[in-house]
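S.K.: below are the sequence and a predicted model; questions follow.
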Amino acid sequence: VVCSSNQNRSMEAHNILSKRGFSVRSFGTGTHVKLPGPAPDKPNVYDFKTTYDQMYNDLLRKDKELYTQNGILHMLDRNKRIKPGPERFQNCKDLFDLILTCEERVYDQVVEDLNSREQETCQPVHVVNVDIQDNHEEATLGAFLICELCQCIQHTEDMENEIDELLQEFEEKSGRTFLHTVCFY
């Protein structure tokens, strides 16, 4: 599951999917990890090498009340229980069957990265975008939608031939539009 900073949307989905027994990884595609700051034009910017624990302690030191009230410390606390720190998709060379992105810009970045890699195995990977607004409530709703989608895909007999029809059903049911493409490793 991929969002921009591997903080909110991808980590909420990672959390729910792993609790449902799925083998899941999560990533961001940004050049840096960005978290809300004291003002919209003053985000907290971190390198992808920074652990969730380091971010948590940094924000705790900067303004415990602000980051508790806006939910960022709670989110980071959840994240550090799932994995040590954010990961950048472009730095991962593992192969996946399905990649779910949380916004169209991230979908474009993932597809561009996959298409720029040298094809080695010709193994297909389905890339599906589920647009999720970047706030706590939408991240939770989006994570459950992603989980339901994964459960339906898991129960198909032939993902390659059934995924388009499945996505169409999900579009009608959820009122959302899903982007879908196939790339090859």
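M.R.: Happy to help now that I have it. Numbers count the residues shown, from 1 in each chain.
S.K.: end to end on stretch 173-182, go ahead and measure it.
M.R.: Using C-alpha to C-alpha, to the nearest Å, the end-to-end distance of stretch 173-182 comes out at 23 Å.
S.K.: residues contacting it, please?
M.R.: Contact with stretch 173-182 is made by 104, 107, 111, 124-131, 145, 163-164, 167, 170-171, as judged by C-beta atoms under 8 Å, 6 or more residues apart in numbering. C-betas here are computed from N, CA, C, even on glycine.
S.K.: mind redoing it with 10 Å?
M.R.: 100-101, 104, 107-108, 110-111, 114-115, 124-132, 141-142, 145, 148-149, 160, 163-164, 166-168, 170-171 (C-beta atoms under 10 Å, 6 or more residues apart in numbering).
S.K.: cool, stretch 15-26 as well?
M.R.: Stretch 15-26 is contacted from outside by 1-3, 6-7, 9-14, 78-79, 81-83, 86-87, 89, 92, 94, 96-100, 102, 139-140, 142-144, 146-148, 150-151, 154, using C-beta under 10 Å, 6+ apart.
S.K.: can I get the buried part of the residues you listed as one ChimeraX selection?
M.R.: Selecting only the buried entries of those in ChimeraX, with 16 or more other C-beta atoms under 10 Å as the criterion:
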select :1,2,3,6,7,9,10,11,12,13,14,78,79,83,86,87,89,96,98,99,100,102,139,140,142,143,146,147,150
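S.K.: so which elements touch the one helix or strand Glu112 maps to?
M.R.: Using DSSP states H and E, Glu112 maps to helix 104-116. For helix 104-116, the packing partners by 3 or more C-beta pairs under 10 Å, 6 or more residues apart in numbering; DSSP states H and E come out as strand 2-3, strand 27-28, strand 98-101, strand 124-130, strand 178-184.
S.K.: please identify the buried residues of it?
M.R.: So for helix 104-116, counting by 16+ other C-beta under 10 Å, buried means Val106, Tyr107, Gln109, Val110, Val111, Asp113, Leu114.
S.K.: could I get those as JSON lines with pLDDT and distance to Asp53?
M.R.: Formatted as JSON lines, the buried residues of helix 104-116 follow (pLDDT from 0 to 100; distance: C-beta to C-beta, whole Å):
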{"residue": "Val106", "pLDDT": "98", "distance to Asp53": "25"}
{"residue": "Tyr107", "pLDDT": "98", "distance to Asp53": "30"}
{"residue": "Gln109", "pLDDT": "98", "distance to Asp53": "27"}
{"residue": "Val110", "pLDDT": "98", "distance to Asp53": "27"}
{"residue": "Val111", "pLDDT": "98", "distance to Asp53": "32"}
{"residue": "Asp113", "pLDDT": "98", "distance to Asp53": "28"}
{"residue": "Leu114", "pLDDT": "98", "distance to Asp53": "31"}
